[in-house]
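Peer 1: Task: produce atomic coordinates for the following.
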Amino acid sequence: MKNPPRRLIGLLWILLLAFCCRVLGQSLVAFLDVRWLPPMEEWYSGLLPYPILLPTQLLIIAICTIVCWDFTRGEGYFVQTKPLFGHGVLWFGYVYLAAMLLRYIIRMSLYPEARWFGGTIPIFFHWVLASFIIAFGQYHRGRLIQSSRPS
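Peer 2: Presented below is the predicted three-dimensional model:
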């Protein structure tokens, strides 16, 4: 039996925690008008209305939590390696990351006064999600697997 390496499990949990902090931060600003966090326009690109974005983010958190839980236990649907599936996931992750890098470059060229970090919270957290997807895909392609040690 193959097990996911501990460093991969830790990485997935850290990326999930980072995304959860983003959703929590944006929610605090949106619903409680928290002033010590950046204003809503810094958190929100406006591509999806917030009443649709928040449930979508919560769904992403739920799915990623199930993935992380399966990896932590070393068993379950998401930890069973599927190389062909991993290939598709990797391609999606790389395209997603490239698109978000391009989005950053375009934003910085259109808004030079915002360099380097103005309006980048959504972009940065797309990088976080893309990293989660890429690490998950790498595992399924067989690149991040360790053999079980006999007890």
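Peer 1: pLDDT value on residue 114, please?
Peer 2: pLDDT for residue 114: 75.
Peer 1: That one and residue 48, how far apart?
Peer 2: 21 Å (CB to CB, to the nearest Å). Every C-beta, even on glycine, is put in place using the N, C-alpha and C of the backbone.
Peer 1: got it, and residue 84?
Peer 2: On the measure of CB to CB, residue 84 and residue 48 end up 31 Å apart.
Peer 1: For residue 118, give me phi and psi.
Peer 2: phi -70, psi 130 (degrees, to the nearest 10).
Peer 1: can you pull the contacts of it?
Peer 2: 42, 111 (CB atoms under 8 Å, 6 or more residues apart in numbering).
Peer 1: give me that answer again for 10 Å
Peer 2: Going by CB atoms under 10 Å, 6 or more residues apart in numbering, residue 118 touches 38, 42, 107-108, 111-112.
Peer 1: What residues does the spatially most central residue of the chain make contact with?
Peer 2: The chain has residue 129 as the residue nearest its centroid, 1.7 Å off, counting by CA atoms, centre = their mean. Residues counted as contacts of residue 129 (CB under 10 Å, 6+ apart) are 15-16, 18-19, 22, 57, 60, 64, 93, 96-97, 100.
Peer 1: redo that, cut-off 7 Å
Peer 2: Under the criterion of CB atoms under 7 Å, 6 or more residues apart in numbering, the neighbours of residue 129 are residue 19.
Peer 1: Now it: which helix or strand?
Peer 2: helix 121-140 (DSSP states H and E).
Peer 1: about what we covered before: quick one: pLDDT of the residue nearest to the centre of the chain?
Peer 2: 98.
Peer 1: The one 5 residues further on now?
Peer 2: At residue 134 the predicted local distance difference test score is 97.
Peer 1: can you check residue 102 too?
Peer 2: pLDDT, residue 102: 95.
Peer 1: The helix or strand where it lies versus helix 121-140: what angle between them?
Peer 2: Here residue 102 sits within helix 83-110, counting by DSSP H and E. Interaxial angle of helix 83-110 relative to helix 121-140 (axes from the mean of the first three to the mean of the last three CA atoms, to 10 degrees): 160 degrees.
Peer 1: by contact count, what packs against helix 83-110?
Peer 2: Applying 3 or more CB pairs under 7 Å, 6 or more residues apart in numbering; DSSP states H and E, one finds that helix 83-110 contacts helix 121-140.
Peer 1: Give the buried residues for the helix it packs on.
Peer 2: 121-123, 125-140 (16 or more other CB atoms under 10 Å).
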